[in-house]
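A.B. asks: Turn this into a model:
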Amino acid sequence: MTTVLIGGGSGLIGMRLSEILTKNGYRVLHLSRKANQNATYPTYAWDITQKP
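C.D. replies: Below is the predicted model of the structure:
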């Protein structure tokens, strides 16, 4: 299974794209300012001010 990470996935276009990709057998993850593992699509936080 191929995984796709979408920045801005919770927006109008991102959600529709996520639905289409999921229907076509992709695993979809979202990248956002806030993590949310319980969302429809797992969402991971992206904060450029944090050091690794």
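A.B. asks: Count the neighbours of residue 16 for me.
C.D. replies: Residues lying near residue 16 (other Cβ atoms under 10 Å) number 10. To be clear about C-beta, it is placed using only N, CA and C from the backbone, and glycine gets the same treatment.
A.B. asks: again but with residue 11, I slipped
C.D. replies: Neighbour count of residue 11, defined by other Cβ under 10 Å: 13.
A.B. asks: So what sits opposite the residue nearest to residue 35 when sequence neighbours are not counted in the bridge?
C.D. replies: For residue 35, ignoring the flanking residues on the chain, the nearest one in space by Cβ to Cβ, 6 or more residues apart in numbering is residue 45 at 4.0 Å. Beta-bridge partners recorded for residue 45 (DSSP bridges): residue 32.
A.B. asks: Report the secondary structure state of the residue sitting nearest the centre point of the chain.
C.D. replies: Central residue of the chain (Cα atoms, centre = their mean): residue 30, 1.0 Å from the mean position. The local conformation at residue 30, judged by DSSP: H, G, I helix; E, B strand; the rest coil, is strand.
A.B. asks: Kindly report the same for residue 15.
C.D. replies: Secondary structure, three-state DSSP: residue 15 is helix.
A.B. asks: thinking it is in contact with residue 6, fair?
C.D. replies: No: counting by Cβ atoms under 8 Å, residue 15 does not reach residue 6; the two are 9.3 Å apart.
A.B. asks: who's more crowded, these two?
C.D. replies: residue 6 (20 against 17).
A.B. asks: for the more buried one, helix, strand, or coil?
C.D. replies: At residue 6 the chain is in strand, as set by three-state DSSP.
A.B. asks: Give me the distance between it and residue 24.
C.D. replies: Taking Cβ to Cβ, to the nearest Å as the measure, residue 6 falls 14 Å from residue 24.
A.B. asks: what's the answer for residue 9, then?
C.D. replies: To residue 24, residue 9 is 16 Å away according to Cβ to Cβ.
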